[in-house]
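> Need a 3D model of the following:
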Amino acid sequence: MKLNIKGKNINVYESLKEEAKEKFDRLDKYFNKEEEMDLKFSTEGNLKKVESTIFLKGGTILRAEEVNDNFSTGIDKVIDALVRQIRKQKTKLQRNRRNGESIKFESFENFEEEKEENLPKIKREKEIVLRPMSDEEACMQMELLNHDFFIYLDDQEMKTRLVYKRKDGHYGLIIPE
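Residues are numbered from 1 along each chain as shown. Below is the predicted model of the structure:
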């Protein structure tokens, strides 16, 4: 797997890059060599944050992040989280990728097959009418409804947009292509 290592507000030293490459080699048994992972290191006060994002063929995204006292422990916990996601999603990933071009499924032979009843089920459907509005109006509407996200039509381009509340209290905007 190819690692794209970046730092946000810090210099990522060669020793940290080498440690990350060495530790993330554990995931090579699950992925083919052409798969890429974005790995970002940042600091939040005295805490160290490690974020990883893997974009698999077919549009599946695996993502994990960990905030800890040091980068080394954060890397280990991110790897554990990714392995849990892969194991949990194994049946779904196999069904969607019958040719196994993204993930090497033979690495999972020691794990029980996931039962169909453990798969997520849609409990409720809701039809909505998308109304044109600005980003600010959508954020205000989301707050009024006390929701974590809100979908709407952009009043300028008349395209679907989604605003959501971030963990840091700010807002995010998703623009589908």
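> List the contacts of the nearest residue to Gly7 once chain neighbours are set aside.
Nearest residue to Gly7 in three dimensions, chain neighbours excluded: Phe41, at 5.0 Å (C-beta to C-beta, 6 or more residues apart in numbering). (Each C-beta comes from the backbone N, C-alpha and C, glycine too.) When contacts are counted by C-beta atoms under 8 Å, 6 or more residues apart in numbering, Phe41 touches 5-8, 10, 12, 16, 48-50, 71.
> Lys49: how many residues sit nearby?
Residues lying near Lys49 (other C-beta atoms under 10 Å) number 18.
> That one contacts Glu66, correct?
Yes. Here Lys49 lies in contact with Glu66, judged by C-beta atoms under 8 Å, at a distance of 7.2 Å.
> Common neighbours of these two, please.
Taking C-beta under 8 Å, 6+ apart as the criterion, Lys49 and Glu66 both touch Gly74.
> ok, whichever helix or strand Phe150 is part of: who's next to it in the sheet?
Take DSSP states H and E as the rule and Phe150 turns out to sit in strand 149-154. When pairs are called by DSSP bridges, strand 149-154 turns out to pair with strand 132-133 (parallel), strand 160-165 (antiparallel).
> Distance from the chain centre to it, please.
Averaging C-alpha positions (C-alpha atoms, centre = their mean, to the nearest Å) puts strand 149-154 21 Å from its chain's average.
> where do the helices sit along the chain?
Taking DSSP state H, the helices of the chain run over residues 14-24, 71-96, 135-145.
> re earlier: switch the strands paired with strand 149-154 over to CSV; also include mean neighbour count, distance to Ile175 and mean pLDDT.
Formatted as CSV, those follow (neighbours: other C-beta atoms under 10 Å; distance: least, C-beta to C-beta, whole Å; pLDDT from 0 to 100):
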stretch, mean neighbour count, distance to Ile175, mean pLDDT
strand 132-133, 15, 15, 92
strand 160-165, 17, 6, 95
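> of all those strands, which lies closest to Asn32?
Among these, the nearest to Asn32 by C-beta to C-beta is strand 160-165 (31.6 Å).
> Can you tell me what sits against the closest one?
So strand 160-165 is contacted by 130, 135, 138-139, 142, 148-154, 171-176 (C-beta under 8 Å, 6+ apart).
> ok now it, how far from the chain's centre?
On C-alpha atoms, centre = their mean, the centre of strand 160-165 falls 17 Å from that of its chain.
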